[in-house]
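Participant: this is a predicted model, with the sequence first.
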Amino acid sequence: MNFSRVEWQVEAEPDNEGYAKVEGASADNWVWSPQGLIQMHLPEQWGFVRFSTAAVGAEAPGAAFELPPEEEAKLLLREIYYRQREFRQETGHYTDNLDSLGVGHRLMRNFMWPPGLEVTQYQFEAWAEEEVDLHEDGQINRWVIRQDSKTWKVVAPLPRGPAE
């Protein structure tokens, strides 16, 4: 969910008949959750709302909200996606180098660093891998995004070494 306010700079008309936008001035944009871009029409960047029956200001057990770990991974993947688009617009191709995209290291709950990035001449895929079960039948959730912004999850067994 998101809420947005766009405010243009205005000035009074000389005849006091109303207001007009100030020519050449840009709009001020406000949103209640960080978008990452000045672009309201990206629902994947909107914030999360949690409804509760607790009174406003009252401490309710379990009221603290924390994004699920996969949402952190999706935010990272969207950052890679948007930076890849900018990189391709500037250079004519995608890159498989996170540093050239300006994606810095970050700690993420349950996710391994660095994210994967694979590039061909016309497309790319980036992924973040989440260790969800480290027992004998362990698995990895791989969250993937590609050049058209499609995002999905792949569940795969943990890779086993030659001695196992």
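Facilitator: Done, it's in.
Participant: in this protein, where's the longest strand?
Facilitator: Of all the segments assigned as strand in the chain under DSSP state E, the longest by residue count is strand 124-133.
Participant: after that strand comes which helix or strand?
Facilitator: strand 139-146 (DSSP states H and E).
Participant: and that next one, which strands flank it?
Facilitator: Strand 139-146 has its sheet partners listed here by DSSP bridges as strand 124-133 (antiparallel), strand 151-157 (antiparallel).
Participant: gap between the last one and the chain center?
Facilitator: The gap between where strand 151-157 is centred and where its chain is centred comes out at 18 Å by C-alpha atoms, centre = their mean, to the nearest Å.
Participant: with the longest one instead?
Facilitator: Taking the mean C-alpha point of strand 124-133 and that of its whole chain, the gap between them comes to 15 Å (C-alpha atoms, centre = their mean).
Participant: what does that strand contact?
Facilitator: With contacts defined as C-beta atoms under 8 Å, 6 or more residues apart in numbering, strand 124-133 is touched by 69-70, 73, 76-77, 80-81, 84, 94, 96, 108, 110-112, 115-118, 138-147, 158. Placement of C-beta: from N, CA and C, glycine included.
Participant: are any of these buried, and which?
Facilitator: Neighbour counting with 16 or more other C-beta atoms under 10 Å marks 69-70, 73, 76-77, 80-81, 84, 94, 108, 111, 115, 117, 140-147, 158 as buried within the contacts of strand 124-133.
Participant: circling back: with mean neighbour count, distance to residue 2 and mean pLDDT as extra columns, can I get the strands paired with strand 139-146 in CSV?
Facilitator: Output for these, formatted as CSV (neighbours: other C-beta atoms under 10 Å; distance: least, C-beta to C-beta, whole Å; pLDDT from 0 to 100):
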stretch, mean neighbour count, distance to residue 2, mean pLDDT
strand 124-133, 19, 24, 86
strand 151-157, 11, 18, 86
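Participant: can you add distance to residue 65 and give those back as JSON lines?
Facilitator: JSON lines is the format used below for the strands paired with strand 139-146 (distance: least, C-beta to C-beta, whole Å):
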{"stretch": "strand 124-133", "distance to residue 65": "20"}
{"stretch": "strand 151-157", "distance to residue 65": "22"}
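Participant: good, we can wrap up now.
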